[in-house]
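A.B. asks: got a predicted structure plus its sequence, pasted below:
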Amino acid sequence: MPAIYLIRHGKASPEAEDYDELSPTGYEQARLLGAELRRRGPRVGRVVTGALRRQRQTAAAALAEAGLDLEPVGDERWNEYDHLGLLGAHPGATGSLQERLDASLSSWIEAGGSGPGTWEGFRSGVRQALDDLVAGLGRGETALVFTSAGVIATVCSTLLGTAPAGFLALNRVVVNGSVSKLLHGRGGTRLLSFNDHAHLEQGGPALMTYR
């Protein structure tokens, strides 16, 4: 049956002027990810990335290491939510960066509404992107999707049928360079594994990053 690997981009550059750029740690995570893909040897039928630079850079580095000569297809529906915009829209939030982001995400979800810029618009776009991807996969094919933590948490929490608190909990722990695996069969699309990052452990704690 078709499989989908949801892959989080490598560590970006939160301390730099341009966040949306892979850091040296991010490139090492992408390299180890590519080596893991080569080891697993899935029959890759399609590669998709969001439009963000960190997602595309991770895809290029990982595919090169894996020896996969495939051209990724860009799809903005796999982009991350605007975390800087959300933080800026809720300046009263206090605590650590993660606590402030959780508070901003909670407010965003509670605000309701539909369409661009809303939580429901984001979630619907992600789910439609997944449905469109699955529809184009042949039997036994695997799709690689290079995306971000919020997208992965949205897909997984939706498939698990969790409340918004479940999305927030998953979103907090998605490791850079990790793989979450979905399978699609007669019963629909199911979550098989979440946030697999064993391939990064050989690099030690320095490769266990979340930004």
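C.D. replies: Structure's in. What do you need? Numbering: from 1, shown residues only.
A.B. asks: for the most centrally placed residue in the chain, what are phi and psi?
C.D. replies: Residue closest to the mean C-alpha point of the chain, counted by Cα atoms, centre = their mean, is Ser148 at 2.9 Å. Main-chain dihedrals, Ser148, degrees, to the nearest 10: phi -130, psi 170.
A.B. asks: that one and Gly50 touch, don't they?
C.D. replies: Yes: if you go by Cβ atoms under 8 Å, Ser148 and Gly50 touch, sitting 6.8 Å apart. Heads up, the C-betas are built off the backbone N, CA and C, glycines and all.
A.B. asks: okay, and the common contacts of these two?
C.D. replies: Listed as contacting both Ser148 and Gly50 by Cβ atoms under 8 Å, 6 or more residues apart in numbering are Trp78, Asn79, Glu80.
A.B. asks: just give me the closest of these to Ser114.
C.D. replies: Using Cβ to Cβ, Asn79 comes nearest to Ser114 of the shared contacts of Ser148 and Gly50, at 18.0 Å.
A.B. asks: got the buried residues for the helix or strand harbouring Ala129?
C.D. replies: Under the criterion DSSP states H and E, the helix or strand holding Ala129 is helix 119-135. Buried residues in helix 119-135, counted by 16 or more other Cβ atoms under 10 Å: Trp119, Phe122, Arg123, Gly125, Val126, Arg127, Ala129, Leu130, Leu133, Val134.
A.B. asks: before we move on, what about stretch 146-161?
C.D. replies: 146-159.
A.B. asks: what is the nearest of the residues you listed to Ala89?
C.D. replies: For the buried residues of stretch 146-161, the nearest to Ala89 is Gly150 (15.5 Å; Cβ to Cβ).
A.B. asks: quick one: name whatever helix or strand follows the strand or helix carrying Ala153.
C.D. replies: Secondary structure from DSSP H and E places Ala153 in helix 149-160. Using DSSP H and E, the helix or strand that directly follows helix 149-160 along the chain is helix 164-173.
A.B. asks: contacts for that following helix, please.
C.D. replies: The contact list for helix 164-173 (Cβ under 8 Å, 6+ apart) reads 98, 102, 105-106, 109, 149-150, 152-154, 156-157, 160, 162, 194-195, 210.
A.B. asks: do that again at 10 Å, thanks
C.D. replies: Here helix 164-173 makes contact (Cβ atoms under 10 Å, 6 or more residues apart in numbering) with 81, 98, 101-103, 105-106, 108-110, 119, 123, 148-158, 160, 162-163, 180, 194-195, 210.
A.B. asks: and the helix or strand bottoming out on mean pLDDT in the chain, what's buried?
C.D. replies: Lowest by mean pLDDT, DSSP states H and E among the helices and strands of the chain is helix 83-89, with a mean of 84. Buried residues in helix 83-89, counting neighbours by 16+ other Cβ under 10 Å, are found at His83, Leu86, Leu87.
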